[in-house]
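[1] Predicted coordinates and the sequence they were generated for:
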Amino acid sequence: MNHTEAGNVDHDEISRFEALAARWWDLGGEMAALHHINPPRMRYIQQRAGGPTASIKGKRVLDVGCGGGILTEALALAGADATGIDLADASIIVARQHAADSGITARYEVIGAEDLADDAPESFDLVCCLEMLEHVPDPAQTIEAIARLVKPGGDVVFSTINRNPKSYALMIVAAEMVAKIVPRGTHDYAKFIRPSELDRWARDAGLVPQDVTGLRYNPLLKSASLNASDLDVNYLMHCRKPA
């Protein structure tokens with residue numbers, strides 16, 4: 001199962017992440033912010049999808065747009081049967097090597113969500129798609145594929161960036177142009193997604209939104225935290241597929 005072509009893909013985006021692949025695990029590099037925000041993202045996933053015990057141990061979990069495996073490895077370390085998928089071959093190579101070097105059991109495939117949904121529908125207890133929807137031409141199509149991938153009664157967690165003047169100022173002007181904590185051109189403001197749009201696309205795909213929570217990031221302190229009342233920039237949404 002090694003599909004490298006998909007209709008819903010921006011090849012410029014893939015090329016950009018291919019070029020950065022070797023630096024996915026450089027804590028002082030361009031991907032450092034993803035390492036800083038990963039602990040609160042994991043807390044949210046476990047709290048929302050882990051049931052009364054807030055545990056995802058034993059769940060079959062898919063990480064869509066896994067990149068170098070930052071989230072996938074965290075899911076595996078939490079006891080999940082974790083799989084990561086991405087269309088950037090170089091990122092998957094890095095993810096596989098880092099998992100092997102770290103002694104972490106996780107599977108990785110070069111395949112898009114749409115193709116995997118055709119091959120393995122309703123195969124996962126939990127599907128995560130974090131910081132990825134704002135990088136595809138048609139996010140609604142990716143969400144529809146994710147809805148096909150999750151089992152009835154299963155959970156889906158998205159995260160993305162809101163579209164408003166504040167998010168433009170912080171994510172593009174401040175982060176890319178001034179502080180340069182992420183490479184210039186990483187984000188396209190037109191592709192940012194309002195919570196109301198994500199809610200509508202999820203419902204259209206047959207998912208039921210359960211919660212939406214903001215994620216605040218402080219680049220100076222290199223720390224991040226969840227904040228239910230602040231959805232202005234980064235936010236996460238938990239959905240469930242009806243049983």
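    Now that the structure is in, tell me what you want to look at.
[2] For this protein, which segments count as strands?
    Secondary structure of the chain (DSSP state E): strands at 60-64, 81-86, 107-110, 124-130, 150-161, 208-218, 223-227, 234-240.
[3] Take these and lay them out in TSV including mean neighbour count, distance to Lys180 and mean pLDDT.
    Using the backbone N, CA and C atoms, a C-beta is placed for each residue, glycine as well. Below are the strands of the chain laid out as TSV (neighbours: other Cβ atoms under 10 Å; distance: least, Cβ to Cβ, whole Å; pLDDT from 0 to 100):
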stretch	mean neighbour count	distance to Lys180	mean pLDDT
strand 60-64	26	27	98
strand 81-86	25	25	98
strand 107-110	18	29	98
strand 124-130	25	23	98
strand 150-161	22	18	98
strand 208-218	16	15	96
strand 223-227	16	19	96
strand 234-240	23	18	98
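[4] which stretches of this protein form helices?
    For the chain, applying DSSP state H gives helices covering 11-20, 32-49, 70-77, 89-102, 113-119, 139-149, 165-167, 195-204.
[5] Could you figure out how far the third one is turned away from helix 89-102?
    With axes from the mean of the first three to the mean of the last three Cα atoms, to 10 degrees as the basis, helix 70-77 and helix 89-102 are set at 30 degrees to each other.
[6] Dump helix 70-77 to CSV, restricted to CA.
    This file holds the C-alpha atoms of helix 70-77, laid out as CSV (Å, rounded to 0.1, in the frame of the first residue of the first chain):
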residue,chain,number,x,y,z
ILE,A,70,6.0,13.8,16.3
LEU,A,71,2.3,13.1,17.2
THR,A,72,2.4,9.4,16.0
GLU,A,73,5.2,8.6,18.4
ALA,A,74,3.4,10.3,21.3
LEU,A,75,0.3,8.2,20.5
ALA,A,76,2.3,5.0,20.5
LEU,A,77,4.0,5.9,23.8
